[in-house]
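# Sharing a model that was predicted from the sequence below.
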There are 2 protein chains.
Amino acid sequence: MNTYQPSAAAASFMLFDVLRAQDTLGQLPALAESADTDLMRQVLEEAGKFVGEVVAPLNRDGDEIGARFKDGAVTMPPGFRAAYQAFWQAGWPALSGAPEDGGQGLPTVLEMVLYEWLSAANHGWTMAPGLLHGAYECIKHHASDELKARYLEKVASGEWLATMCLTEPHAGSDLGLASTRAVPQPDGSFQISGTKIFISGGEHDLSDNIVHLVLARLPDSPSGPKGLSLFLVPKFYEDGSRSAVFCERIEEKMGLHGSPTCVMRFDQATGWLVGEHGKGLNAMFLMMNAARLHVALQGVGLLDAAWQKADAYAQERRQMRAPGPRDPSQAADLIIRHPAVQRLLDTQRAWVDAGRLLAYQTAIELDVAKHHPDPARRQQAGQWCALVTPVLKASWTDQAFHGSSDCLQVFGGHGYVREWGIEQIVRDSRVAMIYEGTNEIQAQDLLFRKVLSDQGRGLGAVLSGLQADLQGGNSASAQRTQEGFARLRDLLAAIESSGGAAPEKLYSVAGDFLRATTIALMAWAWSRLEAAGAPGNGSQAFVRWVWPELAMRHGMVLEALKA
Amino acid sequence: MNTYQPSAAAASFMLFDVLRAQDTLGQLPALAESADTDLMRQVLEEAGKFVGEVVAPLNRDGDEIGARFKDGAVTMPPGFRAAYQAFWQAGWPALSGAPEDGGQGLPTVLEMVLYEWLSAANHGWTMAPGLLHGAYECIKHHASDELKARYLEKVASGEWLATMCLTEPHAGSDLGLASTRAVPQPDGSFQISGTKIFISGGEHDLSDNIVHLVLARLPDSPSGPKGLSLFLVPKFYEDGSRSAVFCERIEEKMGLHGSPTCVMRFDQATGWLVGEHGKGLNAMFLMMNAARLHVALQGVGLLDAAWQKADAYAQERRQMRAPGPRDPSQAADLIIRHPAVQRLLDTQRAWVDAGRLLAYQTAIELDVAKHHPDPARRQQAGQWCALVTPVLKASWTDQAFHGSSDCLQVFGGHGYVREWGIEQIVRDSRVAMIYEGTNEIQAQDLLFRKVLSDQGRGLGAVLSGLQADLQGGNSASAQRTQEGFARLRDLLAAIESSGGAAPEKLYSVAGDFLRATTIALMAWAWSRLEAAGAPGNGSQAFVRWVWPELAMRHGMVLEALKA
């Protein structure tokens, strides 16, 4: 069984040759020093080694043995705790944290690449640390100084892991329905009571403490999302006593067995307010773009892992004669020589490489939005992130599942048995289409909140910026990009001119609009990759097997507006 | 958790009102009596009861507990043996068997409907009996009288279950590479030695004996498929002694845990030749259309089961406000009121109902091809089956997996946990895209063996026949069907006129050609369903969400021919 290996060389090519990350990041005073190409390259090398040597080999046991629940405690799969202890002690969780909090102050994009690789190598293991950076930002920006003094450093370093306790049995996509209660106490603390579900890493033995960030409702709060506040409840208090937060069970899931998905009961557990009353969702949603980009990169990574496995198998396994010249020394040809197999594999490269380019660019823009001295440039970067993030989250988690299923097909019957590890990727990747906002919600977010809310001006501006980037390029790929953008502009105009059209029509084609945007952006990404001389067959595969979908989606949206 | 329930009423509507099966089958002397509408309706009622009451409730344990292997023996999940004993004793395996072999002589289509329901209710349980009819036909048509005397009746009744031992570690899609040996013995028997893998039901406790049909190679046989012969090796001989056929292990799989997928070792096991030397594949492939149709109906059934679950959930679960009028008495609207959810569910109905129509029609044509007094009509029916079967197998197993994954999405995070049973359907259904010829092989079979082998004349004739069926119909759906057929004819013409085009080009778009054919046939199916007043939103969903793909596939094939 082939085990995933990250490629620092491929990431470096993308970051430094294609995207020129060093130029963009070098303009940011906060990152001027850390955005050094040699330094970043070295970090990628080290990260690749850690992921490939320490985390990837634990993936199979993570699935087969899984996290185990007994009497309120969760035992993680063999090797998970040791790998996590090595991970935080080596400083990986603090990669892009602020130096004043003990972080290394490196660009966000490096953290994103690290998490892409970790997810590809071992999605289950990566779930718990994957929540860390969001919790760190949340505490940093919203907690009181007193709370920060107690928790910020431990969370920044990753010595203590963290959770996000949002979902309840009847409040999933609709968090406004959450009913967990927070009762104020005379000493300024709160007693939190209620049940939260789907809490990744709610209980485990990876770290010595766990810091829970919990959405709950104060007495007399309004119903709906505006009545929700955010609270911090640790597993252990500073005096070593245990809080009244209990793991009631872990879910039996389709996959991701290495990550305990916990039902957590808060039984008058003492906690403290983070941020303002009634602003709980705001505090969490500030981290939304980073969290969704993170999930998009899980998709990119898992798809790459599936491609690696299937490609290796196709280069080795012989079945039947392929069309074209035969290999007379063998009774059958390599299955990579069968056009349907080659197409399938190349198509995944078309997705992986374009997804990387767009996601890394978005990670760079996250730092620009935060650190650029020019407010106009910050605003532009923020617009890019707002528009492109839901596209990446939805389309690349979708492709991770469907594309890894395609890769499974390369193995024939062997793909369906566990031995080869490919079916694990299909099972593991499925969840990413659901969490951090289902892909249907991403599509609505894109069309209604991001595009229509300003009559398409923001998207228009992003497209114009990308078009400027193509100037002078008269290549087929540049022309294709122009055509793609023209189709998006046409859709925007059609939606605008339909004016009072019933929103039902648009809701039913929000997903098509997101796919159309995806493919137009991929066309741009491939024009960049081609210009930089990206290796492989991805470009041709994009043109032949992905691109035709754009015209179809375009037509479906127009048709719905007419209907 | 909702448990699948078959609908005899829906099947009767499809068979008797839409397809008028009683008229077509009533013309066949062999079935003139059994094709009585009341009788067939009654059989469906009884079958529905058995499936819903006896087989469906075992599905969850089949997945959770699964088949278990110990010391060469396989213990089936709780209740599986009792259900199987009840099944064969009630005569269900013999439904469409010939009366002279103890069968009930009923139309094949009833058996197909039964197996659709069984697969939907419990795919794992159904695997073993699902192989029975093919083995029965194989023995009936190819075995010697002596062998028939010993095995035919037991296999016809289902008292003994049967296997097909084809695949070997290095011979999957390419059976010609198989190397299991058969050494002739002085008494006319053979000693079979070799290892077969992926043998569904190779060992179990459902029936008291198991009859293996094994592909093996005689000494001095040519290499490749023409050197393969077929042998019968039972688990127990008539004197009660055990044959040298051993189950070495069962595979750990992605799903289908209720069906033991066995590695079988033949250790100089005594068996007998079935059919002629070197004609082993021919004997097996005679049953191919029926077996593939069977798998297509697994897809239809599993998709229907997924739809049933998701639809029930969407009618009950409330999250967020939907566009359009609100339900003021509730804090959120039913998720079925969200257009993306409604679209997703209706799209599965578009596939299930069209798939049923096409598959039931094919099952009817299987009987016409066998029993019609007019050789021209038999030939025409055979052509339909040859052309439509790979389309059904590939497209409906594909849709079962992708559509059940869509249905999982309706449950949000709950879909990813086992409790709701929807993720089991996604895992179970995945295998059907692989077995009985991968879907890539179906596409090649359609384009190269079925369509291009006679320069598209056969497909043209099938389309003309269906067009005649539309006569006088000037409805939108009839026009759409005409347009679909025109696109197929255009593709045929383009392929023809490309003449010496390198086959690589065509191999890479065989899947697109199959999809185009699928959608054109669905257009025809929906024109029939609409004319018969089929209930539900499937027709509109087909037009809006499935139909646009045809133009895309059409374009992709044309583009590949140009490239």
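Thanks, I have it. Numbering: from 1, shown residues only, chains lettered A, B, ... in the order given.

# CA atoms for contacts and neighbours, from now on please.
Noted.

# Could you look up the SS state of A:Thr397?
helix (DSSP: H, G, I helix; E, B strand; the rest coil).

# Just to check, it is in contact with A:Ile425?
No: here A:Thr397 lies out of contact with A:Ile425, judged by CA atoms under 8 Å, at a distance of 11.8 Å.

# Which one's more surrounded, those two?
Using other CA atoms under 10 Å in any protein chain shown as the criterion, A:Thr397 and A:Ile425 rank with A:Thr397 on top: 28 against 25.

# For that one, which non-adjacent residue is closest in space?
Of all residues not flanking A:Thr397 in the chain, A:Gly299 sits nearest, at 4.4 Å (CA to CA, 6 or more residues apart in numbering or on different chains).

# what about that neighbour, which helix or strand?
Using DSSP states H and E, A:Gly299 sits in helix A:288-314.

# how about that helix: buried residues?
Of the residues in helix A:288-314, A:288-311, A:313-314 count as buried by neighbour count, 16 or more other CA atoms under 10 Å in any protein chain shown.

# just checking, what packs against that helix?
For helix A:288-314, the elements it packs on are helix A:108-121, helix A:339-371, helix A:375-410, helix A:422-429, judged by 3 or more CA pairs under 8 Å, 6 or more residues apart in numbering or on different chains; DSSP states H and E.

# about what we covered before: can you verify my assumption that the residue nearest to A:Thr397 contacts A:Ala432?
Yes: counting by CA under 8 Å, A:Ala432 is a contact partner of A:Gly299 at 7.3 Å.

# Mind listing the shared neighbours of the two?
Residues touching both A:Gly299 and A:Ala432 (CA atoms under 8 Å, 6 or more residues apart in numbering or on different chains): A:Thr397.

# Does A:Gly224 touch A:Gly176 like I think?
Yes: taking CA under 8 Å as the contact criterion, A:Gly224 and A:Gly176 are neighbours in contact, 4.2 Å apart.

# Any idea what whichever residue of the stretch 301-450 of chain A sits closest to chain B is bridged to?
Going by CA to the nearest CA, chain B is nearest to A:Val417 of the stretch 301-450 of chain A, at 4.1 Å. A:Val417 forms beta bridges with B:Lys253, as assigned by DSSP bridges.

# That one: neighbouring residues, count only.
Residues lying near A:Val417 (other CA under 10 Å) number 22.

# what do you get for A:Gly324?
If you count neighbours by other CA under 10 Å, A:Gly324 ends up with 11.

# what residues are up against it?
Counting by CA under 8 Å, 6+ apart, A:Gly324 makes contact with B:Pro503, B:Glu504.

# Quick check: the gap between A:Val352 and A:Ala312.
Here A:Val352 is placed at a distance of 16 Å from A:Ala312 (CA to CA, to the nearest Å).

# Make a markdown table out of the helices and strands packed on helix A:288-314 and add distance to B:Arg377 and mean pLDDT.
Shown next, in a markdown table, are those (distance: least, CA to CA, whole Å; pLDDT from 0 to 100):
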| stretch | distance to B:Arg377 | mean pLDDT |
| --- | --- | --- |
| helix A:108-121 | 56 | 98 |
| helix A:339-371 | 36 | 97 |
| helix A:375-410 | 38 | 98 |
| helix A:422-429 | 45 | 98 |
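
# Could I get the ones you listed in a markdown table, plus columns for distance to A:Gln89?
Shown next, in a markdown table, are the helices and strands packed on helix A:288-314 (distance: least, CA to CA, whole Å):
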| stretch | distance to A:Gln89 |
| --- | --- |
| helix A:108-121 | 16 |
| helix A:339-371 | 25 |
| helix A:375-410 | 30 |
| helix A:422-429 | 27 |
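
# List of residues touching the longest strand along chain A?
Across chain A, the longest stretch assigned as strand under DSSP state E is strand A:261-274. The contact list for strand A:261-274 (CA under 8 Å, 6+ apart) reads A:139, A:142-144, A:147, A:188-203, A:229-234, A:243-251, A:280.

# taking the residues you listed one by one, which sit in helices?
Using DSSP state H, the members of those that fall within helices are A:Ile139, A:His142, A:Leu147, A:Gly280.

# ok, and the most crowded of those residues?
For the ones in helices among the contacts of strand A:261-274, the largest number of neighbours (other CA under 10 Å) sits with A:Gly280, at 26 neighbours.

# per the record, what domains does chain A have?
The record's domain split for chain A, according to automatic domain parsing, is A:8-142, A:160-280, A:287-562.

# Save the ones you listed as CSV, and put in distance to B:Arg544 too.
Shown next, in CSV, are the domains of chain A (distance: least, CA to CA, whole Å):
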stretch, distance to B:Arg544
domain A:8-142, 36
domain A:160-280, 27
domain A:287-562, 7
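
# any idea how far chain B is from A:Pro6?
To chain B, A:Pro6 is 26 Å away according to CA to the nearest CA, to the nearest Å.

# SS state for that residue?
coil.

# tally of neighbours for A:Val183?
Residue neighbour count, defined by other CA under 10 Å, stands at 17 for A:Val183.

# Okay, and it sits in which element?
Counting by DSSP H and E, A:Val183 is found in strand A:181-184.

# Work out the gap between that strand and the centre of the chain.
Taking CA atoms, centre = their mean, to the nearest Å, one finds the center of strand A:181-184 at 33 Å from the center of the full chain.
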